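> Give me the fold of what follows.
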Amino acid sequence: MTSQTDPTVKTPEDVCAHQTLTQKEKLSRLSDMKFELERQTGRGTADLEQVEARMASINLAVDRVKNK
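Residues are numbered from 1 along each chain as shown. Model (predicted):
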């Protein structure tokens, strides 16, 4: 199940705080979120400020998951 289909995992913070996902699963979901963001950016469908904020949020979540 991906972050797009799991209703409990909508944000990088949700992924980071999820109780049953393994570290590998969390990092995979965050990577998927980053890929989707890059795809939206490439299509020009995302606002630059929103992209920067979302990418910062994803990167922070990745750091938290790696350092747990």
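> what about this protein, any weak spots by pLDDT?
Using pLDDT under 70 as the threshold, the predicted model of the chain has low-confidence ranges 1-8.
> need the next SSE after the longest helix seen in the chain, C-terminal direction.
In the chain, assigned by DSSP state H, the helix with the most residues is helix 23-43. With elements assigned by DSSP states H and E, the helix or strand that comes after helix 23-43 is helix 48-66.
> other SSEs contacting that following helix?
The helices and strands touching helix 48-66, judged by 3 or more Cβ pairs under 8 Å, 6 or more residues apart in numbering; DSSP states H and E, are helix 12-17, helix 23-43. No exception for glycine: its C-beta is placed from N, CA and C like everyone else's.
> Deepest in the core, which of those helices is it.
helix 12-17 (a mean of 19; mean count of other Cβ atoms under 10 Å).
> who's in contact with that one?
If you take Cβ atoms under 8 Å, 6 or more residues apart in numbering as the criterion, helix 12-17 is touched by 3, 8-9, 21, 26, 29-30, 33, 54, 57-58, 60-62, 64-65.
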